[in-house]
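Asks: compute the structure for the input listed below.
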Amino acid sequence: MENSLNIRKESGVTIFEINGYLDETNASQVFEKINDEIWDFNKDTKVIFNLAGLTYLNSKSIWYTADIISHVEDNDGGIFISNCSDTVKDTLELVGITNMVTITDDYKEALEDLNK
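Replies: Residues are numbered from 1 along each chain as shown. From the prediction side, this is the model:
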């Protein structure tokens, strides 16, 4: 399955919209683009992963996600995951990502929380 990554900024927040599958064939490339966008950021960086179009993620993708969450939080930034399908949300809950980051039903809700 084809995947895509759309990166945009809204109200000072970087939003990553990930669609399709994240697996062994593409996770490294997708997360390399995400890291290029945020890794050398200033403190207080705000990030949303909008996963409305994501249908599958493997363990490598989960590891990358956890690493980014830790990096953003270690630098006093804010991060949310939004718009997950039930399948993706169940996977994130199973591996404990939901203990690390808030998941919202809509990215607008995350955007409001990040801009408080």
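Asks: for the spatially closest residue to residue 100 that is not a sequence neighbour, report the pLDDT, please.
Replies: Leaving aside its chain neighbours, residue 100 sits nearest to residue 69 (5.0 Å; criterion: CB to CB, 6 or more residues apart in numbering). Heads up, the C-betas are built off the backbone N, CA and C, glycines and all. According to the prediction, residue 69 has pLDDT 93.
Asks: okay, and residue 69 sits in which element?
Replies: helix 59-74 (DSSP states H and E).
Asks: following element in sequence after that helix, please.
Replies: Remark: after helix 59-74, the chain's next helix or strand is strand 78-82, criterion DSSP H and E.
Asks: direction included, what does that next one pair against?
Replies: Strand pairing for strand 78-82, using DSSP bridges, gives strand 46-57 (parallel), strand 102-104 (parallel).
Asks: fine by me, thanks again.
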